[in-house]
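In: need coordinates for the below:
(2 chains, ligands or ions: 5)
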Amino acid sequence: MKPGPKKIIPHKTPMPEQDPAVRSGNFYEVMLGYTAELARKEASRCLNCKAPKCVEGCPVNVPIPRFISAIKEGDYAKALSIIKESNLLPAVCGRVCPQESQCEKMCTLAKKFEPVAIGRLERFAADSQLNEVGAMPEISSPTGKKVAVIGSGPAGLACAYDLAKLGHKVTIFEALHAPGGVLFYGIPEFRLPKKIVAREIENLKKTGVEIITNAVIGRLITMQEILADYDACFIGTGAGLPKFMGIEGENLNGVYSANEFLTRVNLMSAHSFPEFDTPIKRGERVAVIGGGNVAMDSARTALRLGAKKVSLVYRRSEEELPARKEEIHHAKEEGVQFEYCASPVRIVGKDGLVTSLECVRMDLCELDESGRRRPKPVPGSEFLIPADTVIMALGTSANPLVQKSTPGLSVNGRGYIMADPETGRTNIEGVFAGGDIVTGSATVISAMGAGRKAARAIHEYISRKNQGSVP
Amino acid sequence: MAKILDKKIIRDPDVFYYKLSAPLISRKAKPGQFVIIRLHEKGERIPLSLAGINPEEGTISLIVMAVGKTTSEMSTLKAGDEIMDLCGPLGQPTHVERFGRVALVGGGFGVAPLYPIARAMKAAGNEVVMVMGARSADLLIYEKELSEVCDKVVVTTDDGSKGVKGNVITGLEKELDANKPALVLAIGPAPMMKAVCNATKPYGVKTVVSLNTIMIDGTGMCGCCRVPMTNGTKFACTDGPDFDGHEVQWDILMNRQKNYNPEERESFEAWKRRHAGAITEKAG
Ligand SMILES: Cc1cc2nc3c(=O)[nH]c(=O)nc-3n(C[C@H](O)[C@H](O)[C@H](O)COP(=O)(O)OP(=O)(O)OC[C@H]3O[C@@H](n4cnc5c(N)ncnc54)[C@H](O)[C@@H]3O)c2cc1C
Ligand SMILES: Cc1cc2nc3c(=O)[nH]c(=O)nc-3n(C[C@H](O)[C@H](O)[C@H](O)COP(=O)(O)OP(=O)(O)OC[C@H]3O[C@@H](n4cnc5c(N)ncnc54)[C@H](O)[C@@H]3O)c2cc1C
Ligand code: SF4
Ligand code: SF4
Ligand code: FES
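Out: Ligands and ions are numbered 1, 2, ... in the order given. Now for the predicted structure:
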């Protein structure tokens, strides 16, 4: 099948997906992935631009036209290895990157038509090799240098991988019993199957990286001890602290932080209670507060646990929803109800249990400093949303444990570690940081990018230190 | 994986002692801190206080009361068995300094974690009084151990079969009247700790309680352990587990502890059906 040279196919090749009515009752993956035929059809839409804008839109500059060409040629293994030059976790990023604001936004086609489905093709390349014993990455001869990585989210994993390839001995310390960070405990199975994350981590271990779970740095081992034992250290502890609103009724039974709700299901398999020991309340009427990916994931998880009605309460309007477009679309298809321009004022309860969420309408008139319309409550517009479960998905803040146990480490006013964006260097020699713990909640790919930049800087640092030329 | 080096029955049929191999944890742990364990792949994460810390040996010990599914399942483990996940030390250590006279009040499993605290308080130069209670004499645990470190041990039993007849509050009030302590520290079921706080309030004695909220991660990530205090919400796993008992909003706290009662019963019943017999032969 050869497309005519100038003929442009205006629309993305649709990807098969589970029927919304069926999938809202199960935890299997929603998007089923391209077949080889569909992938090659989609790949044929790419114009193979000389100065590809799409690459600039990707935070780690995946060589997009090159890997798409490999798919066109039917050499999927090659496509994957091209992506892996810059992106360690294509199966993950192909699924969860906000492509519409990154690579696909910049695609030349996007000016007049739908952009090339870069994310879907990336996912296809990765999934096509799922059962292949991929070639072992080339690993430099051992340098005898040791690096500690704190946190096993995308930032830590990417940093560890690059350092291991350079021949350094890397140990990852993870607080939870399972590695992966938000990829494991936050993003649900129906968007990112756990077996995909587990496989990437198995690949990482093959490079000799050691992962020690149940190791809370700051409690079990201090930073001073790490610095005494290792040549350098990377902090990728994420922004995992849940925010609450401080409104009345927040401590009633039935009120969850999104982190608790998602962790019970993703990390502890509470949806399979009582086969698994951890329980979760299966609400009938669920109100989710927030408008980001975390809110969408909570709402869709609640549906899958059997909720009859799930309302998502967001204080601004639809255009301003920060979640990925695809997630919003899927949430709507599955039946999540959107309550825009509404802000919670209190949670109402009876006998210690939530009965409803009281909200006030928000007026979006003036523009604030960021150019977004500032929501202002409309007096007297209070209304009740009946609910037995309320999930707070208001965002998270910096995880403070490591900072507290590291005297002298520079943090900003909100507790995030101050680190150079290009190198991850902090104010303490040999200590680097990256990912959400530096930037605040961002994306998987940006956390990974930060981990890789830090790996480069750490390598340089240790090599120089080796020659005794560190000031 | 953490190996069980020793297991003993402290009180038949429901209280058990475990010594676990935990070289790193034992090096760092302080009295008042806790660990989180997960027994197996399908298990839940439960918090357990440190009842003993031995850095020379590289061990920690736990005293566990079998009240539901996970603690009962744990009671079937033997020396030589392994616990899949052991994470700690978690939480803030109990604040220890020279207060003068310190009264410790223990109920249920709470008596056990008071043991390392009593030793630390004693080492800091305090006069330590232990008030411990049970329904009857045969239900008391850790009395001998505590007698060895405390200046005085007051035993109360509901039926009067040993010591003062009544509950720990009766015993505590006698102490408050006779020789007012500078600090009261209570560990046990929430209703007991609440009653301790009510009793000490009129005397204006600072009262610290160690709260046993429901937890998952134990690192401040999920917020399920939140403690309603008069000055705002705190997290038991990172800000606690010790809190000023006079600031705790007990009714909200106790309501939160009950949240999963129906599910806990369901899980326990299902486990008992599957493991009929296991509970009766939990030999050490
Ligand atoms: C529900 C949800 C949905 C999301 N959806 C998307 C999406 O669709 N697309 C997207 O691009 N991004 C998404 N994000 C954001 C993205 O997941 C994060 O930006 C990214 O995971 C940050 O990576 P990280 O490595 O910095 O930290 P994390 O992934 O948070 O990992 C940090 C790790 O460090 C560990 N840790 C913390 N403290 C310690 C300590 N003291 N000692 C040892 N270990 C410690 C933690 O347990 C954790 O495993 C989502 C986030 C959430 C919560
Ligand atoms: C910081 C902290 C330290 C702890 N230290 C210890 C310890 O050293 N030894 C120990 O035995 N337990 C301790 N606990 C309590 C222990 O975690 C619970 O008993 C355990 O989670 C129960 O699990 P389960 O599945 O066996 O029972 P569940 O099914 O969870 O509970 C069964 C029944 O017991 C009741 N129950 C649950 N927890 C408690 C409790 N804490 N007190 C009284 N009744 C309860 C419930 O209402 C329920 O009906 C501690 C808790 C915390 C938060
Ligand atoms: S990593 Fe993300 S942003 Fe980059 S090309 Fe892949 S999907 Fe696009
Ligand atoms: S900008 Fe679009 S069309 Fe051009 S190379 Fe990139 S993906 Fe292909
Ligand atoms: S147990 Fe999760 S925040 Fe305390």
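In: and the stretch 151-300 of chain A, which residues reach ligand 1?
Out: Those residues of the stretch 151-300 of chain A that sit near ligand 1, judged by C-beta under 6 Å from any ligand atom, are A:151-156, A:173-176, A:181-182, A:186-187, A:215-218, A:236-238, A:240, A:262, A:293-294, A:297. Any C-beta I mention is one placed from the backbone N, CA and C, and that applies to glycine too.
In: which positions in chain A make contact with ligand 3?
Out: Along chain A, the residues adjacent to ligand 3 under the rule C-beta under 6 Å from any ligand atom are A:58, A:60, A:62, A:64, A:87, A:93-94, A:97, A:99, A:102-103, A:118-119, A:122, A:445.
In: one more time with 8 Å, if that's ok
Out: Taking C-beta under 8 Å from any ligand atom as the measure of proximity, chain A contacts ligand 3 at A:54-55, A:57-62, A:64, A:83, A:86-87, A:90, A:93-94, A:97-99, A:102-104, A:118-119, A:122, A:445.
In: for the stretch 101-250 of chain B, which segments count as strands?
Out: Counting by DSSP state E, counting those that start in this stretch, residue ranges of the strands within the stretch 101-250 of chain B are B:101-107, B:127-134, B:152-157, B:164-165, B:183-187, B:206-210, B:226-229, B:232-235, B:242-244.
In: show me how far the second one is from its chain's centre.
Out: On the basis of C-alpha atoms, centre = their mean, to the nearest Å, the separation between the geometric centre of strand B:127-134 and that of its chain is 14 Å.
In: ok, now stretch B:21-37?
Out: What separates the centre of stretch B:21-37 from the centre of its chain is 14 Å, taken as C-alpha atoms, centre = their mean.
In: in the longest strand anywhere in chain A, what's buried?
Out: Assignment by DSSP state E gives strand A:353-367 as the longest strand of chain A. Within strand A:353-367, the residues that count as buried by 16 or more other C-beta atoms under 10 Å in any protein chain shown are A:Val354, A:Thr355, A:Ser356, A:Leu357, A:Glu358, A:Cys359, A:Val360, A:Arg361, A:Met362, A:Leu364.
In: count of neighbours near the closest residue to chain B within the stretch 351-471 of chain A?
Out: Residue nearest to chain B within the stretch 351-471 of chain A: A:Gly352 (3.9 Å; C-beta to the nearest C-beta). A:Gly352 is flanked by 16 other residues according to other C-beta atoms under 10 Å in any protein chain shown.
In: look at B:Leu5 and report its pLDDT.
Out: B:Leu5 carries a pLDDT value of 96.
In: now do A:Pro375
Out: pLDDT, A:Pro375: 82.
In: kindly report the same for the one 3 residues further on.
Out: Each residue has a pLDDT score; the one for A:Val378 is 91.
In: before we move on, back to that, and the buried residues of strand A:353-367, which two are the farthest apart?
Out: A:Thr355 and A:Leu364 (28.9 Å; C-beta to C-beta).
In: among the residues of the stretch 151-300 of chain A next to ligand 1, name the ones in helices.
Out: Using DSSP state H, A:Pro154, A:Ala155, A:Gly156, A:Val182, A:Leu262, A:Asn293, A:Val294, A:Asp297 are the members of these that sit in helices.
In: if I look at the fourth one, how far off is ligand 5?
Out: Which is A:Val182. A:Val182 sits 15 Å away from ligand 5, taking C-beta to the nearest ligand atom, to the nearest Å as the criterion.
In: could you check how far that residue is from chain B?
Out: 10 Å (C-beta to the nearest C-beta, to the nearest Å).
In: could you do the fifth one as well?
Out: When distances are taken as C-beta to the nearest C-beta, A:Leu262 and chain B turn out to be 9 Å apart.
In: that residue against A:Phe190, yeah?
Out: No. Taking C-beta atoms under 8 Å as the definition, A:Leu262 is not a contact partner of A:Phe190, at 11.8 Å.
In: of the two, who's got more company?
Out: Of the pair A:Leu262 and A:Phe190, A:Leu262 is the one with more neighbours under other C-beta under 10 Å, namely 24 against 21.
In: residues contacting the residue found closest to that one once you drop the neighbours it is linked to in the chain?
Out: Nearest in space to A:Leu262, with sequence neighbours left out and distances taken as C-beta to C-beta, 6 or more residues apart in numbering or on different chains, is A:Gly186 at 5.5 Å. Applying C-beta atoms under 8 Å, 6 or more residues apart in numbering or on different chains, we find A:Gly186 in contact with A:Asn259, A:Leu262, A:Thr263, A:Asn266, A:Val294, A:Asp297.
In: quick check: the third one touching B:Met221?
Out: Yes. Counting by C-beta under 8 Å, a contact exists between A:Thr263 and B:Met221, whose distance comes to 7.2 Å.
In: for A:Pro90, which residues are in contact?
Out: Residues A:Leu80, A:Ile83, A:Lys84, A:Glu122, A:Arg123, A:Ala125, A:Ala126 are the ones in contact with A:Pro90 under the rule C-beta under 8 Å, 6+ apart.
In: what's the answer for A:Arg95, then?
Out: The neighbours of A:Arg95, taking C-beta under 8 Å, 6+ apart as the test, are A:Met31, A:Gly119, A:Arg123, A:Arg191, A:Leu192, A:Ile196.
In: what kind of secondary structure is it in?
Out: For A:Arg95, the reduced secondary structure class is helix; criterion used: DSSP: H, G, I helix; E, B strand; the rest coil.
In: burial count for B:Glu247?
Out: Neighbours of B:Glu247 under the rule other C-beta under 10 Å: 16.
In: what stretches of the chain score poorly on pLDDT?
Out: You didn't say which chain, so I picked chain A. Low-confidence segments of chain A, defined by pLDDT under 70, are located at A:1-6, A:133-135, A:365-367, A:466, A:468-471.
In: that's the other chain; I wanted chain B
Out: Those would be B:277-284, if you go by pLDDT under 70 across chain B.
In: show me the domain layout of it.
Out: Per automatic domain parsing, the structural domains of chain B span B:2-90+B:265-274, B:101-257.
In: can you say which of the ones you listed is nearest to ligand 5?
Out: Closest approach to ligand 5 among those (C-beta to the nearest ligand atom): domain B:101-257, 3.2 Å.
In: gap between the two ends of that closest one?
Out: Across domain B:101-257, the straight-line distance between its terminal residues is 32 Å, by C-alpha to C-alpha, to the nearest Å.
In: how far off centre is that domain?
Out: What separates the centre of domain B:101-257 from the centre of its chain is 9 Å, taken as C-alpha atoms, centre = their mean.
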